[in-house]
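A.B. asks: got a predicted model here, sequence first, then my questions.
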Amino acid sequence: MKQITILLAYLTATNLLADIENGKAVYAANCAICHTVNGGRAMGPDFNIVSYTKTKKEIAAYAKDPYSFYEKFGYSANAMPTLPLEDKEFEDVADYISSLQPFKKWMKKS
């Protein structure tokens, strides 16, 4: 039983790492022109900050349909285009962005 648990943990971690790497590639091909990572100047917000304030689910939803979610993200207008990506690519890029800040704000005890 212990071996099965270890195997499942390994497969889950390996899959997650693959998703993050795929997401990094999606970011480089589709997002990097407007968003930086770890500082810099660009049109859109730095993804390190986004990763600290938003969940993976929120990131994926916004990336899929920015026109419906920009106000919920606190923006007064939307400059982000609708991207022609598959659902898996949106999930992978959300995994990548979320991985940039492993200690999330909502995890802190008040």
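C.D. replies: Cool, got the structure.

A.B. asks: next one: phi and psi at the spatially most central residue of the chain?
C.D. replies: Centroid-nearest residue in the chain, with C-alpha atoms, centre = their mean: Ala94, separated by 2.3 Å. Note on Ala94: backbone dihedrals following degrees, to the nearest 10 are phi -70, psi -40.

A.B. asks: that one and Glu86, how far apart?
C.D. replies: 13 Å (C-beta to C-beta, to the nearest Å). In short, each C-beta sits where N, CA and C put it, glycine included.

A.B. asks: going by neighbour count, list what's buried in stretch 62-77.
C.D. replies: Neighbour counts using 16 or more other C-beta atoms under 10 Å place 62-64, 66, 69-70, 73 of stretch 62-77 among the buried residues.

A.B. asks: among these, name the ones in helices.
C.D. replies: Counting by DSSP state H, the part of these found in helices is 62-64, 66, 69.

A.B. asks: now the helices for this structure?
C.D. replies: Assigned by DSSP H, the chain shows helices spanning 2-30, 47-53, 56-64, 66-69, 87-99.

A.B. asks: which of those is buried the deepest?
C.D. replies: For the helices of the chain, the largest average neighbour count (mean count of other C-beta atoms under 10 Å) is found in helix 87-99, namely a mean of 21.

A.B. asks: for that helix, packing partners?
C.D. replies: Packed against helix 87-99, as judged by 3 or more C-beta pairs under 8 Å, 6 or more residues apart in numbering; DSSP states H and E, are the following elements: helix 2-30, helix 47-53, helix 56-64.

A.B. asks: now do the same for Ala28: its pLDDT.
C.D. replies: In this prediction, Ala28 carries a pLDDT score of 95.

A.B. asks: how far off centre is stretch 28-38?
C.D. replies: Taking C-alpha atoms, centre = their mean, to the nearest Å, one finds the center of stretch 28-38 at 12 Å from the center of the full chain.

A.B. asks: can you give the contact residues for it?
C.D. replies: Outside stretch 28-38, the residues that touch it by C-beta atoms under 8 Å, 6 or more residues apart in numbering are 27, 42-48, 50, 80, 83, 85, 93, 100.

A.B. asks: quick one: low-confidence ranges for this protein?
C.D. replies: Where the chain drops to pLDDT under 70, the residues are 1-18, 103-110.
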